[in-house]
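Chemist: fold the following for me, if possible:
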Amino acid sequence: ACERLMTGAPRPANSDTVEPQAHVSVQGDVVTFEANAVKRGANARRKGEDLARGGAALAAGRVLRASDIGLLASLGLIEAHVKQRLRVAYFSTGDELRSPGEPLEAGCIYDSNRYALGAMLQRLNVEAIDLGVVRDDPAALAATLKLAAESADVVLTSGGVSVGEADFTRTQLQTLGDVSFWGLAMRPGRPLAFGRIWSGERPGAGRAALLFGLPGNPVATMVSFYQIVRPALLAMAGAQAQPVPLVPALSDQPIKKRAGRTEFQRGLARRDASGQWRVAPTGSQSSGALSTMSEANCFIVLAHEAGDLDAGDAIDIMLFDGLV
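Modeler: Numbers count the residues shown, from 1 in each chain. Below you'll find the model as predicted:
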């Protein structure tokens, strides 16, 4: 015996197999199946085949993706317990900076860091608070840092953490904050500060926020964000952050590298006819060359202890897809 069903309809209680209409012919009350076409249990959905009763649909610590939202809807759920959105304040420092649309005087440059940081934060679904450009003035910088600590969980600055005479971020952090370190053996991104700042007049007074003092060069800012800040923000937001996978590749050309620091060079990766990943740097690796960051589709990850590489050497790449 058989019964005609529409897609998604429940099966009769005594049935165990569904055969597509395209595979049968119907003449009156007679249904003819293609020879050897019917397989017991085919095209039938069974209770519990997706989720077992009492099992977890979604474990804590997940960043919700489109498939997760669909899964919740399939269970009839319209709400889920989630962490409160992280608040992240960010600003750039420097008298020479102008925002796009403003007149560009001699000796000035457009501020790209703030816009790149805003776009990167948007991908993480945090509450981003843009505090603009802060001039090279200790009082103005102190006021902005206090405001940021009062209104955010994390503060990101770009510029002002090296050892120049006008690098007031460094001195203000020593006054208002508790800094854990000032630099990393990383290129680009060596001058990077991390610690806490308070909204009061001294460390420990008022509300505290974590602070990442990023370098001022545009590519160094982005590399520091992806390699240091991004995983930290995910962890603070409650996510069980997984490292971005490294993909083995072969270098298409010699690459200069100084041992004693980890380097993240911008690369353009491709697969050759055999399916092997191959990669080459995208031109200038200057920390200010944003165009080669835009042209790249991966980071070439050169280990701390590595030195110069020859063409054909094995290296690791971190593909931008899924990261940026």
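
Chemist: any stretches of the stretch 101-250 of the chain with poor pLDDT?
Modeler: When the per-residue scores of the stretch 101-250 of the chain are filtered using pLDDT under 70, the ranges that remain are 161-168.

Chemist: which residues of it fall in helices?
Modeler: Remark: helices of the stretch 101-250 of the chain, listed N- to C-terminal, are 113-123, 138-151, 168-176, 218-224, 230-236; assignment by DSSP state H, counting those that start in this stretch.

Chemist: put together CSV for those helices, with distance to residue 305 and mean neighbour count on each row.
Modeler: Heads up, the C-betas are built off the backbone N, CA and C, glycines and all. Shown next, in CSV, are the helices of the stretch 101-250 of the chain (distance: least, C-beta to C-beta, whole Å; neighbours: other C-beta atoms under 10 Å):
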stretch, distance to residue 305, mean neighbour count
helix 113-123, 29, 18
helix 138-151, 37, 18
helix 168-176, 29, 20
helix 218-224, 19, 25
helix 230-236, 22, 17
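
Chemist: nearest to residue 49, of these?
Modeler: When the helices of the stretch 101-250 of the chain are ranked by distance to residue 49, counting by C-beta to C-beta, first place goes to helix 230-236 at 32.1 Å.

Chemist: quick check: buried residues in stretch 123-142?
Modeler: 124, 126, 128-129, 131, 133-134, 136, 141-142 (16 or more other C-beta atoms under 10 Å).

Chemist: pick out the most distant pair among these.
Modeler: Greatest spacing in the buried residues of stretch 123-142, by C-beta to C-beta: 124 and 136 (29.3 Å).

Chemist: longest strand in the protein, by residue count?
Modeler: Residue-count comparison of every strand in the chain, with assignments taken from DSSP state E, identifies strand 262-271 as the longest.

Chemist: my guess is residue 200 contacts residue 146. True?
Modeler: Yes. In this structure residue 200 lies within contact range of residue 146 using C-beta atoms under 8 Å: 7.5 Å.

Chemist: joint contacts of those two?
Modeler: Each of residue 206 lies in contact with both residue 200 and residue 146 under the rule C-beta atoms under 8 Å, 6 or more residues apart in numbering.

Chemist: circling back: continuing past the longest strand of the chain, what's the next helix or strand?
Modeler: Remark: after strand 262-271, the chain's next helix or strand is strand 277-281, criterion DSSP states H and E.

Chemist: okay, now the sheet partners of that next one, with direction.
Modeler: Strands that pair with strand 277-281, judged by DSSP bridges, come out as strand 247-251 (parallel), strand 262-271 (antiparallel).

Chemist: compile the ones you listed into CSV and extend it with columns for distance to residue 310 and mean neighbour count.
Modeler: Compiled in CSV, those are given as follows (distance: least, C-beta to C-beta, whole Å; neighbours: other C-beta under 10 Å):
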stretch, distance to residue 310, mean neighbour count
strand 247-251, 8, 17
strand 262-271, 15, 20
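
Chemist: just to revisit the earlier point, and the contacts of the longest strand of the chain?
Modeler: Where contact means C-beta under 8 Å, 6+ apart, the residues beyond strand 262-271 that reach it are 185-189, 219, 223, 227, 247, 249, 255, 257, 277-282, 285, 292-293, 295-304, 317-319.

Chemist: stretch 190-208 too?
Modeler: 145-150, 155, 161-162, 169-170, 173, 175-184, 186, 209-215, 220, 224, 228, 261.

Chemist: same check on stretch 16-28?
Modeler: Under C-beta under 8 Å, 6+ apart, the answer for stretch 16-28 is 2, 4-5, 11, 31-34, 37-44.

Chemist: what subset of the contacts of strand 262-271 is buried?
Modeler: When the contacts of strand 262-271 are checked for burial by 16+ other C-beta under 10 Å, the buried set is 186-189, 219, 223, 227, 249, 255, 257, 277-282, 285, 292-293, 296-302, 317-319.

Chemist: residue 212 is in contact with residue 148, correct?
Modeler: No. Between residue 148 and residue 212 there is no contact under C-beta under 8 Å: 11.5 Å.

Chemist: anything in contact with each of those two?
Modeler: Taking C-beta under 8 Å, 6+ apart as the contact definition, residue 148 and residue 212 share the neighbouring residues residue 155.

Chemist: ok, back up a step: figure out which of the strands paired with strand 277-281 is closest to residue 99.
Modeler: Proximity to residue 99, assessed across the strands paired with strand 277-281 by C-beta to C-beta, is greatest for strand 262-271 (25.5 Å).

Chemist: quick one: that closest one to chain centroid distance?
Modeler: The chain centre lies 17 Å from the centre of strand 262-271; the measure is C-alpha atoms, centre = their mean, to the nearest Å.

Chemist: how about the CA coordinates for that strand, as PDB?
Modeler: Taking only C-alpha atoms (Å, rounded to 0.1, in the frame of the first residue of the first chain), the coordinates of strand 262-271 have been written out as PDB:
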ATOM      1  CA  THR A 262      57.100  36.900  14.300                       C
ATOM      2  CA  GLU A 263      56.200  38.600  11.000                       C
ATOM      3  CA  PHE A 264      52.800  38.900   9.200                       C
ATOM      4  CA  GLN A 265      53.500  39.900   5.600                       C
ATOM      5  CA  ARG A 266      50.800  40.700   3.200                       C
ATOM      6  CA  GLY A 267      50.500  38.000   0.600                       C
ATOM      7  CA  LEU A 268      48.500  36.900  -2.500                       C
ATOM      8  CA  ALA A 269      47.800  33.200  -2.400                       C
ATOM      9  CA  ARG A 270      46.600  31.000  -5.200                       C
ATOM     10  CA  ARG A 271      46.300  27.300  -5.900                       C
END
